[in-house]
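> could you work out the structure for the sequence below:
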Amino acid sequence: MRRTVIACLLASLVATAPVHGQAPEPRTVLVHAGALLDRPGRPARGASTIVIRDGKVAQVLDGHVAAAATGLPVAEVIDLRDRFVLPGLLDSHVHLTSDTGGVLSQLEEVQLSPAAKAYNALGNARKTLAAGFTTVRNLGDRDGVTLALRDAVRAGKVVGPNIVDAGTSISTTSGHMDAALGFRDDLRDALDRHENLCDGPDACRRAVRLQVARGVDVIKIATTGGVNSRIGAGLGQQMFDDEAKAIVETARLYGKKVAVHAHGADGVKVALAAGVDSIEHGTVLDEECLELFRKSGAYYVPTLSTVNGYLERLAADPNAYSPAVRAKVDWRIKVTGESLAKAVPRGVKIAFGTDAGVSKHGRNADEFELMVKHGMTPAQALVAATVNAADLLGLSAEVGTLEPGKRADLIAVAGDPLSDVTVLKRVTFVMKDGAVFKDDRGVRTP
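Below you'll find the predicted structure:
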């Protein structure tokens with residue numbers, strides 16, 4: 001009798017168990033879009049249906065296709081028939097741990113623990129995702145906070161945008177990444193970890209290898225001074241040709257791209273001649289710079305939104321910056337956008353990036369308005385924040401368009417961003433990897 005009961009139980013388990021190696025039925029979701037820009041750079045489609053299976057785009061169909069007509073076991077239909085739908089946006093230049101600026105940011109370096117910075121980064125990541133930016137490239141964090149956040153997001157432990165991370169940015173001693181600038185000399189050893197400062201080709205090769213060892217996705221360097229650098233050394237070249245070349249060669253050895261903070265034209269030329277992948281800021285671009293961009297195929301990331309951060313900070317506190325820094329801030333405000341206006345008609349490749357952290361997190365879309373103000377069409381600005389940014393980040397196979405096989409990262413707005421980019425400041429719906437993160441309308445049809 002006992003053997004009979006056991007035999008029956010085993011038979012029941014075998015009958016109900018999935019076939020070995022057979023995956024469970026994928027979860028299918030339909031998104032009904034009123035208008036759809038599935039491939040920025042091409043005309044938008046009208047009424048469309050996006051079929052999503054297990055977090056990826058499976059099909060893009062014309063019209064609003066009913067669940068029954070797909071022949072699939074549809075788990076959910078999301079009604080965005082009154083919305084303009086487009087791919088999730090990408091911001092190529094953010095600093096998730098940073099919120100302030102000026103004197104306050106200097107104090108935070110010695111007041112905030114890595115744990116406190118981690119909570120700041122998570123909060124900023126969520127603001128960024130809510131703004132419709134489903135992928136970001138974080139360009140600088142000394143504490144490993146954003147590397148850990150990147151991994152936590154990928155593992156599904158926390159919710160945030162996909163993160164491409166540069167770890168600690170590299171510069172020369174007294175360069176833009178020298179954390180001891182502005183502090184007393186006797187505090188340098190306590191503040192300077194030395195790992196990211198390099199003087200001479202050999203030291204620069206080692207600095208890259210140390211970041212590779214930490215597991216970074218991309219290398220970030222500075223070939224010029226910075227606006228927020230607490231030193232009156234200007235914004236021109238601060239890295240020699242052989243140092244920049246050593247960094248790029250070493251990064252290539254490990255399969256890493258190189259992003260370069262550069263303001264002055266001399267520092268831009270050094271970087272482009274070394275073969276870097278992007279110039280961040282590029283505040284002064286002369287004809288030689290523009291030609292080097294075209295020949296090298298490097299991207300220009302204008303980060304125009306920094307001007308908003310400076311203006312808002314000064315409005316709140318006219319003494320937010322030391323005199324040496326204030327002079328650079330005033331200059332940056334005055335010339336912002338001039339280089340972009342030169343680069344667009346010359347065919348330089350543009351990728352969207354804000355430098356959020358200098359400007360406010362969650363207001364990344366303010367950059368679109370400034371890009372259009374300084375020479376880009378709304379369509380070009382959207383390509384910069386999708387197709388081009390995905391290419392720069394090495395993620396074209398995953399994001400940037402809504403095509404079969406790519407991540408179901410998409411957003412919706414009430415209005416046409418191809419005629420008015422300011423509607424992108426009011427994203428009403430955000431989906432990342434097929435999961436709804438934000439839905440301001442509250443309309444969900446099971």
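
> please count neighbours and contacts with C-alpha atoms only from this point.
Will do.

> in the stretch 251-400 of the chain, which spans are helices?
265-274, 287-296, 306-316, 323-335, 338-343, 366-373, 378-383, 389-392 (DSSP state H, counting those that start in this stretch).

> so for the shortest one, mean pLDDT?
Read that as helix 389-392. In this model, helix 389-392 has a mean pLDDT of 98.

> what helices and strands are in contact with that helix?
On a contact count with 3 or more C-alpha pairs under 8 Å, 6 or more residues apart in numbering; DSSP states H and E, helix 389-392 meets strand 89-94.

> and the helices of the stretch 251-400 of the chain as JSON lines, adding distance to G175 and mean neighbour count?
JSON lines is the format used below for those (distance: least, C-alpha to C-alpha, whole Å; neighbours: other C-alpha atoms under 10 Å):
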{"stretch": "helix 265-274", "distance to G175": "12", "mean neighbour count": "24"}
{"stretch": "helix 287-296", "distance to G175": "22", "mean neighbour count": "17"}
{"stretch": "helix 306-316", "distance to G175": "20", "mean neighbour count": "17"}
{"stretch": "helix 323-335", "distance to G175": "14", "mean neighbour count": "16"}
{"stretch": "helix 338-343", "distance to G175": "23", "mean neighbour count": "20"}
{"stretch": "helix 366-373", "distance to G175": "27", "mean neighbour count": "22"}
{"stretch": "helix 378-383", "distance to G175": "31", "mean neighbour count": "23"}
{"stretch": "helix 389-392", "distance to G175": "25", "mean neighbour count": "24"}
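
> quick one, which of these gets closest to A118.
In terms of C-alpha to C-alpha, the element of the helices of the stretch 251-400 of the chain nearest to A118 is helix 306-316, at 21.8 Å.

> which outside residues touch that closest one?
Helix 306-316 has contacts (C-alpha atoms under 8 Å, 6 or more residues apart in numbering) with G101, A320, V329, R332, I333, T336, T354, D355, A356, V358, S359, K360.

> what's the closest of these to A408?
Nearest member of the contacts of helix 306-316 to A408, counting by C-alpha to C-alpha, is T354, at 23.6 Å.

> ok, D99 touching A125?
No: contact criterion C-alpha atoms under 8 Å: D99 and A125 do not qualify, at 11.7 Å.

> so the two - more neighbours on which side?
A125 (30 against 19; other C-alpha atoms under 10 Å).

> quick one, what contacts the more buried one?
Contacts of A125 by C-alpha under 8 Å, 6+ apart are L96, G160, P161.

> look up how far D241 lies from Y254.
As judged by C-alpha to C-alpha, to the nearest Å, Y254 and D241 stand 20 Å apart.

> between these two, point out the one with more neighbours.
With neighbours defined as other C-alpha under 10 Å, Y254 and D241 compare such that D241 has more, 18 against 11.

> if we go by neighbour counts, what in the strand ranked longest in the chain is buried?
Counting by DSSP state E, the longest strand found in the chain is strand 74-87. Within strand 74-87, the residues scored as buried using 16 or more other C-alpha atoms under 10 Å are V74, E76, V77, I78, D79, L80, R81, R83, F84, V85, L86, P87.

> likewise stretch 414-433?
Residues of stretch 414-433 classed as buried: 414-418, 421-433 (neighbour count, 16+ other C-alpha under 10 Å).

> same question for stretch 400-413.
By 16+ other C-alpha under 10 Å, the buried positions in stretch 400-413 come out as 400-413.

> make JSON lines out of those and add secondary structure.
Conversion of these to JSON lines gives the following (DSSP: H, G, I helix; E, B strand; the rest coil):
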{"residue": "G400", "secondary structure": "coil"}
{"residue": "T401", "secondary structure": "coil"}
{"residue": "L402", "secondary structure": "coil"}
{"residue": "E403", "secondary structure": "coil"}
{"residue": "P404", "secondary structure": "coil"}
{"residue": "G405", "secondary structure": "coil"}
{"residue": "K406", "secondary structure": "coil"}
{"residue": "R407", "secondary structure": "strand"}
{"residue": "A408", "secondary structure": "coil"}
{"residue": "D409", "secondary structure": "coil"}
{"residue": "L410", "secondary structure": "strand"}
{"residue": "I411", "secondary structure": "strand"}
{"residue": "A412", "secondary structure": "strand"}
{"residue": "V413", "secondary structure": "strand"}
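
> identify the farthest-apart pair in the residues you listed.
Taking C-alpha to C-alpha as the measure, the buried residues of stretch 400-413 span a maximum distance of 23.7 Å, between G405 and V413.

> confidence score at the residue nearest the centre of the chain?
By C-alpha atoms, centre = their mean, the chain has its centre lying nearest to V136, at 2.1 Å. pLDDT recorded at V136 is 98.

> contact partners for it?
Per C-alpha under 8 Å, 6+ apart, neighbours of V136: L90, D91, S92, H93, V94, P161, N162, I163, V164.

> how about a cut-off of 6 Å?
V136 sits next to L90, D91, S92, I163 when contact means C-alpha atoms under 6 Å, 6 or more residues apart in numbering.

> got any ranges where the stretch 151-300 of the chain has weak pLDDT?
For the stretch 151-300 of the chain, the stretches with pLDDT under 70 are 178-184, 186-188, 190-194, 230, 232-233.

> show me where it has strands.
Taking DSSP state E, counting those that start in this stretch as the test, the strands found in the stretch 151-300 of the chain are 162-165, 218-222, 257-262, 278-281, 299-301.

> list the buried residues in the shortest one.
Spelled out, that is strand 299-301. So, applying 16+ other C-alpha under 10 Å, buried residues of strand 299-301: Y299, Y300, V301.

> wait, what's in contact with the second one?
Translated: Y300. S278, I279, I350 are the contacts of Y300 under C-alpha under 6 Å, 6+ apart.

> let me know the closest of the residues you listed to A66.
Nearest member of those to A66, counting by C-alpha to C-alpha, is I350, at 39.2 Å.

> and the closest one, how far from A130?
I350 sits 24 Å away from A130, going by C-alpha to C-alpha.
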